[in-house]
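Asks: Need the 3D shape of this:
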Amino acid sequence: MTKIICVVDNAVKEGTGLQSEHGLSFWIETAYGNVLLDTGQTAAVLSHNLDVLGLSPREVDKLALSHAHYDHTGGLDAVLSKTTALTLFAHPDVFRPRYSLRKGEYQSIGLSLSRETLAARADLSLSDAPAEILPGLWTTGEILERAEPEGRSPHHFIRTGKGWEPDPYRDDMSLVLRTNEGLVVICGCCHAGILNTLFHVERNFEGPITTVIGGTHLVPADDLYLSHVIDVFNGHFRNLSLYLNHCTGKNAFERLAGAFGSRVTACPAGTVIDFNP
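Replies: Here you go, the predicted structure:
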């Protein structure tokens, strides 16, 4: 049995004693070990929620980062300070400085730890190609083909020799879990675009995609694009189960739930999803 637990999210299940913050983290428990995807925004919330859920950072075997943003990497120290034998999976571009333009100022929103600091505290496995984390669990690698809209924010920038340019989100990736029923895609933010991500998984992994879990960055999506996403799901990714949170957005969640009913479920911190590997 493989278990996916939402440890950090913008929302929490009532009565659990968990804390919420704008961030995301998933605990993936398999027969071959435990993987933490992202670390939320702060070490304090990640540590608190792991403790409440009865999970120990000392039992994390592998760590994966969906991308560099602070709300997915801010809690790294809660894990790195508790273990000395950890492999960290990420895209090589994860160390590029990233910024948000707010009120005329560029504010850093990327990794707070340098490559040298992380390399001293974990084994770095950096690849733009799909990489196997544990048997049956992979990174997507870089999502190169982006014919569909990306999960983009107009405030996100990088600095190059030409000056300030929109963030290309090269480091954005998701995880793919192989189960008896098919493929489960576990997303951080889907800045590469939810449809681009699913088409990429379809091209690179065998088997039908049965489930999507996590943030889909549909917060800025208008009704026209949401109708397109629904049409693609209906026509191409039939019978998807969706466990949505973080950057999906209220409007997108309601539109998808209206289209697919009980196959769409909120996934706040404290949610536990079981799969047969």
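Asks: which residues touch the residue nearest to residue 114 when sequence neighbours are not counted?
Replies: Using C-beta to C-beta, 6 or more residues apart in numbering and skipping residues adjacent in sequence, the residue nearest residue 114 is residue 95, 7.5 Å away. (Glycine included, C-beta is placed from N, CA and C.) By C-beta atoms under 8 Å, 6 or more residues apart in numbering, residue 95 lies in contact with 68, 110, 111, 114, 115.
Asks: Could you pick out the buried ones from those residues?
Replies: Among the contacts of residue 95, those scoring as buried are 68, 110, 111 (criterion: 16 or more other C-beta atoms under 10 Å).
Asks: Next up, the contacts around the last one.
Replies: Contact criterion C-beta under 8 Å, 6+ apart gives 68, 70, 73, 94, 95, 118 as the residues in contact with residue 111.
Asks: can you redo those as a markdown table with pLDDT, distance to residue 166 and secondary structure?
Replies: As requested, the contacts of residue 111 are arranged in a markdown table below (pLDDT from 0 to 100; distance: C-beta to C-beta, whole Å; DSSP: H, G, I helix; E, B strand; the rest coil):
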| residue | pLDDT | distance to residue 166 | secondary structure |
| --- | --- | --- | --- |
| 68 | 97 | 15 | coil |
| 70 | 97 | 18 | helix |
| 73 | 98 | 20 | helix |
| 94 | 97 | 18 | helix |
| 95 | 97 | 19 | helix |
| 118 | 94 | 26 | helix |
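Asks: quick check, nearest of the residues you listed to residue 145?
Replies: Closest to residue 145 out of the contacts of residue 111 is residue 94 (20.4 Å), distances taken as C-beta to C-beta.
Asks: Distance check, the closest one against residue 68.
Replies: Distance check for residue 94 against residue 68: by C-beta to C-beta, to the nearest Å, it reads 5 Å.
Asks: Quick check: neighbours shared by these two?
Replies: Joint contacts of residue 94 and residue 68 (C-beta under 8 Å, 6+ apart) are 111, 171.
Asks: ok so, going back, let's have the contacts of residue 95 in JSON lines, adding distance to residue 260.
Replies: Output for those, formatted as JSON lines (distance: C-beta to C-beta, whole Å):
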{"residue": "68", "distance to residue 260": "32"}
{"residue": "110", "distance to residue 260": "35"}
{"residue": "111", "distance to residue 260": "35"}
{"residue": "114", "distance to residue 260": "43"}
{"residue": "115", "distance to residue 260": "41"}
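Asks: Would you map the helices across the stretch 101-250 of the chain?
Replies: Counting by DSSP state H, counting those that start in this stretch, the stretch 101-250 of the chain has helices at residues 115-121, 194-204, 223-235, 250-260.
Asks: which strands and helices sit next to the last one?
Replies: I take that to be helix 250-260. Counting contacts by 3 or more C-beta pairs under 8 Å, 6 or more residues apart in numbering; DSSP states H and E, helix 250-260 is packed against helix 223-235, strand 241-245, strand 264-266.
Asks: pLDDT on the shortest one, on average?
Replies: Spelled out, that is strand 264-266. If you average the pLDDT over strand 264-266, you get 98.
Asks: Can you give the distance of that strand from its chain's centre?
Replies: On the basis of C-alpha atoms, centre = their mean, to the nearest Å, strand 264-266 sits 16 Å off its chain's mean C-alpha point.
Asks: which strands and helices sit next to the helix or strand following that strand?
Replies: With elements assigned by DSSP states H and E, the helix or strand that comes after strand 264-266 is strand 272-275. Strand 272-275 makes packing contacts with strand 2-8 when contacts are defined by 3+ C-beta pairs under 8 Å, 6+ apart.
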